[in-house]
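Novice: Dropping the sequence and predicted coords here.
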Amino acid sequence: MTDQVLILGGQGRIGNSIAQDVLQHTEAEVVVTRRRPDPATSPQGRLTARTLDLGDPNALAAAIAQADLVIHCAGPFHNRDGRVLKTCISQGVNYLDVSDCVPFTRRALALNEAAQAAGVTAIINTGVFPGVSNSMVRQCVEAFNDVDDQPQEVFLGYVVSGSGGAGVTVMRTTFLGLLQPFQAWVNGQWQGKWPYRDRQVIDFPDPFGAVGVYWYEVPETYTLVDSFPVQTVVTKFGSAPDLYSRLTSLVARWCPKPLLKQPAAIEFLSRVSYGMTQVSDRWSGTGIGIWAEVTGGRRRYRSTFMYGDTAIAAGVGTGSLAALLLAGELQHPGVHPVEQALPTLLFERTLHQRGLHTTHGWEDW
């Protein structure tokens, strides 16, 4: 029988990119959903569109019951309660998501034992960052296995051009991340950090060059601490053109926090930002750059990844995991971040199959 992949929120930019990757690299039938019907959407070969309200538990359960794999793309995830994952566990269906929200990550990881007992492989925070970025750190950490040194510090820097080819939901996620300080693992202890502070310039490979990046809370801030015995994990994000980062930094510093907590304010900022990027995307592009670096006592290993469309890169990150799960090559019951579930050899192989790669190696210390 043909496998069925259910992509919740699959008609958005990232969801559509995942659907296209799954269609290209598997024989599965793909069902994409959205909350409201779209008269312009019609079935295309192995791709079918349906209307599904995630707030209707009966309809959600019925849709999941027909699937062999569920991919949750219906963000932002700040207010998601984990019901999709819980339903997958209760029905024994494997699960992926593109969550990029720390509270949601913690709610999902709390279901680890239930997923193990049900034999369900659930991999969270997939996509490009988080997702590909997690695997790049594992790639760097494992390089230390063959040398007389131990990894001590992880640095992750991200840059996105304009909108990144994604929709307004990503803008909402960015501004929601400015509301409060977060805890970062620095020198063996948790320390408070404010988002969009402590600017640091990273010389990314072409086409980005020197880009300013700032502290930002992402799931990797926490999951990498659990995954690897390091003393420091730094996660910093920036935009190209640099004007967007500087404007966001001003909002983070000076906009009254009670105002930022108002949904209308978040929506206004998101819409304005998205409108600006629709203009600048024409010349800045929508690419993604990731700089992963692991430092030991005497050596440093670095991995970089560049791609011209962030949404498509996210589709590759999640779609490759979907293909591995459907082929039975990846079985890891429980709820895991990408770096705990995906072996480096499989990560590198799936990128190569899609014509992508990381550039990695030892750096002079």
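Specialist: Yep, it's here. This structure is a prediction, so every number in the text was calculated from the model and none was measured.
Novice: Buried residues, whichever strand or helix holds Leu85. List them.
Specialist: Using DSSP states H and E, Leu85 sits in helix 83-91. Applying a neighbour-count criterion of 16 or more other C-beta atoms under 10 Å, one finds 84-89 buried in helix 83-91. To be clear about C-beta, it is placed using only N, CA and C from the backbone, and glycine gets the same treatment.
Novice: Can you lay out those residues as TSV showing pLDDT?
Specialist: Output for the buried residues of helix 83-91, formatted as TSV (pLDDT from 0 to 100):
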residue	pLDDT
Val84	97
Leu85	98
Lys86	97
Thr87	98
Cys88	98
Ile89	98
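Novice: Can you check my assumption that Glu27 lies in a helix?
Specialist: No: with DSSP: H, G, I helix; E, B strand; the rest coil as the criterion, Glu27 is located in coil rather than a helix.
Novice: list the contacts for the closest residue to it other than its chain neighbours?
Specialist: Using C-beta to C-beta, 6 or more residues apart in numbering and skipping residues adjacent in sequence, the residue nearest Glu27 is Thr2, 6.4 Å away. Residues touching Thr2, when contacts are defined by C-beta atoms under 8 Å, 6 or more residues apart in numbering, comprise 27-29.
Novice: And Pro130, by the same measure?
Specialist: Taking C-beta under 8 Å, 6+ apart, we find Pro130 in contact with 100, 218-220, 223, 337-338.
Novice: Kindly recompute the last result at 10 Å.
Specialist: By C-beta atoms under 10 Å, 6 or more residues apart in numbering, the residues touching Pro130 are 98-100, 105, 124, 156, 158, 218-221, 223-224, 235, 314, 317, 337-339.
Novice: So which bits of the lengthiest helix in the chain are buried?
Specialist: Using DSSP state H, we find that the single longest helix of the chain is helix 263-284. Under the neighbour-count criterion of 16+ other C-beta under 10 Å, helix 263-284 has 265-266, 269-270, 273-274, 276-277, 280, 284 buried.
Novice: what two of the buried residues of helix 83-91 are the furthest from one another?
Specialist: Largest separation among the buried residues of helix 83-91 by C-beta to C-beta: Val84 and Ile89, giving 9.9 Å.
Novice: got any residues that touch both of the two?
Specialist: Tyr95.
Novice: still on that earlier bit, turn the buried residues of helix 263-284 into TSV, including distance to Phe182 and pLDDT.
Specialist: Below are the buried residues of helix 263-284 laid out as TSV (distance: C-beta to C-beta, whole Å; pLDDT from 0 to 100):
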residue	distance to Phe182	pLDDT
Ala265	20	81
Ile266	17	82
Leu269	19	80
Ser270	20	80
Ser273	21	82
Tyr274	24	77
Met276	26	79
Thr277	25	78
Ser280	28	74
Ser284	28	76
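Novice: pLDDT averaged over whatever helix or strand Ile64 lives in - what is it?
Specialist: For Ile64, the enclosing helix or strand under DSSP H and E is helix 57-65. Mean pLDDT, computed over helix 57-65, is 96.
Novice: could you give the angle of that helix to helix 83-91?
Specialist: Taking axes from the mean of the first three to the mean of the last three C-alpha atoms, to 10 degrees, one finds that helix 57-65 is oriented at 60 degrees with respect to helix 83-91.
Novice: which residues touch helix 57-65?
Specialist: Outside of helix 57-65, the residues that reach it under the criterion C-beta under 10 Å, 6+ apart are 4, 6, 8, 31, 33, 50-54, 56, 70, 83-84, 86-88, 90-93, 95.
Novice: where along the stretch 251-365 of the chain do the strands fall?
Specialist: Using DSSP state E, counting those that start in this stretch, the strands found in the stretch 251-365 of the chain span residues 288-296, 300-307, 334-337, 359-363.
Novice: coming back round to it: go through the contacts of Thr2 and name the one nearest Gln20.
Specialist: For Gln20, the nearest member of these is Ala28. The distance, counting by C-beta to C-beta, is 12.4 Å.
Novice: For the closest one, which non-adjacent residue is closest in space?
Specialist: Asp3 (4.2 Å).
Novice: quick one: that neighbour and Ser320, what's the gap?
Specialist: Taking C-beta to C-beta, to the nearest Å as the measure, Asp3 and Ser320 are separated by 16 Å.
Novice: More neighbours: which of the two?
Specialist: A count of neighbours by other C-beta atoms under 10 Å puts Ser320 above the other of Asp3 and Ser320, at 28 against 17.
Novice: What's the per-residue pLDDT of Ile202 here?
Specialist: Here the pLDDT value assigned to Ile202 is 95.
Novice: Assumed it was part of a strand.
Specialist: Yes: using three-state DSSP, the assignment for Ile202 is a strand.
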